[in-house]
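J.: Take a look and give me a structure for this.
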Amino acid sequence: MEIIRNDDATLTVPVVAGRHDHDDDPATALPIEDQPTTRVLHPGQPGYAEALREWDEQQNPDRDAATSTQTGRENAMAVVHAVAVDPEHDVHKAVEALDDPQPSAEALRHVLVGGDPSIKGFAHEVAEAEGDEEIPAHKVTRIISEVLAEIDT
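T.: Just a heads-up that it's a prediction; the model follows:
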């Protein structure tokens, strides 16, 4: 089963039977066939960044490893900030303002590869570059999800 990115930026991920916490008491434990087969992850939850990276890789499995250029990273920071401060949260408009969105997408993919520490560091860089307050990491992750989905459409 593939990871599904929902319109609200949540991810529906497969759950492997028997690989999650359950009650050790056989009288109250769910039989394997009654255990959930999927789980919904929200931005900021443990495992979300990793699942988002896997979802992105599913979209184009032949894509080379993500690389980040100076310009791509700067534009990625600008687009994340633009979406974060836009009262309408208009991802399409922010992406459309980029001359070439692919380097920004690569920079965002590169951030995802580093997981939560990389996302937190990126949030800090955005705040410094834009002279604004730091965006919470879970919000940055959600915006990255939305920007990548917009660029890939």
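J.: what's the helix or strand of the chain with the lowest mean pLDDT packed up against?
T.: Ranked by mean pLDDT, DSSP states H and E, the weakest helix or strand in the chain is helix 48-59, scoring a mean of 88. Judged by 3 or more C-beta pairs under 8 Å, 6 or more residues apart in numbering; DSSP states H and E, helix 48-59 is in contact with strand 4-5, strand 11-14, helix 101-113, helix 115-130, helix 137-151. Placement of C-beta: from N, CA and C, glycine included.
J.: List the buried residues for it?
T.: Within helix 48-59, the residues scored as buried using 16 or more other C-beta atoms under 10 Å are 48-53, 55-57.
J.: okay, the angle between that helix and helix 115-130?
T.: Relative orientation of helix 48-59 versus helix 115-130 (axes from the mean of the first three to the mean of the last three C-alpha atoms, to 10 degrees): 90 degrees.
J.: Need the contact partners of helix 48-59.
T.: For helix 48-59, contacts defined as C-beta atoms under 8 Å, 6 or more residues apart in numbering pick out 2-5, 11, 13, 41-42, 63, 109, 112-113, 115-116, 119, 138, 141, 144-145, 148, 152.
J.: Could you tell me which of those count as buried?
T.: Here, 16+ other C-beta under 10 Å leaves 3, 5, 11, 13, 41, 109, 112, 116, 119, 138, 141, 144-145, 148 buried among those.
J.: between the residues you listed, which is nearest residue 98?
T.: Distances from residue 98 to the buried ones among the contacts of helix 48-59, taken as C-beta to C-beta, are shortest for residue 148 (12.8 Å).
J.: I'd assumed residue 105 was in contact with the closest one.
T.: Yes. Between residue 148 and residue 105 a contact is recorded at 5.9 Å, counting by C-beta atoms under 8 Å.
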